[in-house]
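Chemist: I'd like to go over a predicted model; first the sequence, then the structure.
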Amino acid sequence: MSKHRPVVDVAVAVIQRADGRVLLAERPHGKVSAGYWEFPGGKFNAGENPEQALARELQEELDIKLDRAHPWLTYEHEYPDKRVRLHFFRVTAWHGTPRGREGQRISWEDPEIPEVAPLLPANALMLRALRLPRLYAITNAQKYGVVGFLERLERALERGVRLILVRERKFAPGQLTQFARRVIAMAHRYDAKVLVYGDETLARQVVSDGVHLTASQLPGLIERPRDLLCAASCHNATELAWASALSVDFVVLSPVLPTKSHPGEPGIGWDKFAELVRGYPLPVYALGGMRLELLDTAMRHGAHGIAMQSEIW
């Protein structure tokens, strides 16, 4: 298969209801891959930008009018007959009731366990990304003490936090091991996932769900751990490229805004953040000066969600 043939640009809608279910559509009879299920969308027309193509396709395929959509991931995929560049958008507001205007079946599916099959391969990858929560909480026992932090952790889990990073740089090795085990035990009671910062050996020792790679670790790796959830810290385009080459599950890009921990440093700002993640194939969390009310702002600039170490607790 040649990677030098022209790439077909496609706008794709991830339409998600308040209950978390997403809309999947069956490829109509008479079209390539008929009978396969996918997120709705279609090819750009001449002169269209991704947002215009998305709005037109939703009207033509599903009879709904687009009100609000956030750019999400851009992923290239090679099919036997063509190479496509899929521009995924998270659609959060629309007018009308979706229906298959081309005779195709549609179904609201749980991204954790979709029941329709078969799925087009590129769409299965997006379902995995959708399972990531929009909030990534970073531990802060250094500030609150272990007991005080664990009390805050349980309250956060009760509020719905489901993805946690154990990052305590000043803890001694034995103290960190014990702390990580306590966080994991509590988080797993709520079906939350826990990653350990910068130490794959420790992540396996404490039976965590994954490891979070530091930016300095990225250039020295040939491949990522395949049996763990894997994240990476990035600060620039080079590090983002390294993380993409390793096919990690998600990335944290920082610092976006000024933080108390780094006084005097301005952060890259939202415009630069959007520039760096435009066309990027992995989910990206914004970190640095984040507050809960900035989640929508982050998503409008291409973020999957936000990561926080202070306000979340």
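Modeler: All right, it came through fine.
Chemist: Quick one: mean pLDDT over the longest helix along the chain.
Modeler: When the chain is parsed with DSSP state H, its longest helix is helix 173-189. If you average the pLDDT over helix 173-189, you get 98.
Chemist: how long is stretch 265-284 from one end to the other?
Modeler: 21 Å (C-alpha to C-alpha, to the nearest Å).
Chemist: in it, what counts as buried?
Modeler: Buried residues in stretch 265-284, counting neighbours by 16 or more other C-beta atoms under 10 Å, are found at Gly267, Ile268, Trp270, Phe273, Ala274, Leu276, Val277, Tyr280, Leu282, Pro283, Val284. (Each C-beta comes from the backbone N, C-alpha and C, glycine too.)
Chemist: if you look at those residues, which of them are in helices?
Modeler: Per DSSP H, the buried residues of stretch 265-284 map to helices at Trp270, Phe273, Ala274, Leu276, Val277.
Chemist: surely the last one meets His304?
Modeler: No. Using C-beta atoms under 8 Å, Val277 and His304 do not qualify as a contacting pair, with a distance of 9.0 Å.
Chemist: any idea how far the longest helix of the chain is from the chain center?
Modeler: Centroid separation between helix 173-189 and its chain, computed with C-alpha atoms, centre = their mean, to the nearest Å, is 25 Å.
Chemist: Give me the helices and strands touching it, please.
Modeler: helix 146-159, strand 163-166, strand 193-197, helix 200-205 (3 or more C-beta pairs under 8 Å, 6 or more residues apart in numbering; DSSP states H and E).
Chemist: would you turn the ones you listed into a markdown table with mean neighbour count and distance to Arg300?
Modeler: Formatted as a markdown table, those follow (neighbours: other C-beta atoms under 10 Å; distance: least, C-beta to C-beta, whole Å):
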| stretch | mean neighbour count | distance to Arg300 |
| --- | --- | --- |
| helix 146-159 | 15 | 24 |
| strand 163-166 | 25 | 21 |
| strand 193-197 | 23 | 26 |
| helix 200-205 | 16 | 33 |
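Chemist: Ok, which of these comes nearest Gly47?
Modeler: strand 163-166 (40.2 Å; C-beta to C-beta).
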